[in-house]
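K.L.:
Model the following, please.
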Amino acid sequence: MQENHRKILADAISEVMETMFFLCPEPCDPGGGLEESRSPSEVIVHIQTADERPCQIVLHLPVALLDRMAVNVLEGLKESFSRKDLEDVACEFVNMVAGAFLNRLDAPHRKALSLPGILAGVSEDREGWVSYSCEVEGGRLQARLSCESFQEGAAR
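P.N.:
Here you go, the predicted structure:
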């Protein structure tokens, strides 16, 4: 089940990155864990389904990658982007990734989404989380997924 969810998450990230931001992610070694450092050079964003046992997606996005994403999607609208602008791009990105992820699941597992938000850090509890990371434009995007509410389900 976890490997299936990892593939669905990877496909959702790739689809959104390529179609909306014109960037091509390259998967990293699946054995390499997530780096837990929180620094000003990254934004940690999350979203979850709006139900009692939520599915949650957490993304660690380097600021340099977010700047590139903003340039690609908002080209010509601004010369430079504030931290708030980049956080808005991160929130929109995680929203699109979650939508693409949920769209790939069987209909009974589709849920309404909460509003995305910025996290100051991440919890140490990694049990039950699926992790995925990829390189994009020289930066490392890291993702974690917790889907306790999915007892069973398959990709389309």
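
K.L.:
Spit out the contact partners of the residue nearest the centre of the chain.
P.N.:
Nearest to the mean C-alpha position of the chain, by C-alpha atoms, centre = their mean, lies residue 59 at 4.1 Å. Listed by C-beta atoms under 8 Å, 6 or more residues apart in numbering, the contact partners of residue 59 are 44, 45, 46, 90, 93, 94, 97, 141, 142, 143. From N, CA and C alone the C-beta is placed, and that goes for glycine too.

K.L.:
now with 6 Å?
P.N.:
By C-beta atoms under 6 Å, 6 or more residues apart in numbering, the residues touching residue 59 are 45, 94, 143.

K.L.:
What mean pLDDT does stretch 42-53 get?
P.N.:
Stretch 42-53 carries an average pLDDT of 89.

K.L.:
Mind listing what's buried along it?
P.N.:
Within stretch 42-53, the residues scored as buried using 16 or more other C-beta atoms under 10 Å are 42, 43, 44, 45, 46, 47, 48, 49.

K.L.:
bridging residues for the fourth one?
P.N.:
Think residue 45. residue 59, residue 118 (DSSP bridges).

K.L.:
Give me the phi and psi for residue 28.
P.N.:
phi -90, psi 170 (degrees, to the nearest 10).

K.L.:
Roughly how far does the residue nearest to it when sequence neighbours are not counted sit from residue 10?
P.N.:
Here the nearest residue to residue 28 in space, its sequence neighbours aside, is residue 133; by C-beta to C-beta, 6 or more residues apart in numbering that works out to 4.4 Å. Here residue 133 is placed at a distance of 10 Å from residue 10 (C-beta to C-beta, to the nearest Å).

K.L.:
Figure out how far stretch 84-94 is from the centre of its chain.
P.N.:
Offset of stretch 84-94 from its chain centre (C-alpha atoms, centre = their mean, to the nearest Å): 11 Å.

K.L.:
Let's have the buried residues of stretch 42-53 in CSV, adding distance to residue 103.
P.N.:
Shown next, in CSV, are those (distance: C-beta to C-beta, whole Å):
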residue, distance to residue 103
42, 27
43, 24
44, 24
45, 19
46, 19
47, 14
48, 16
49, 13
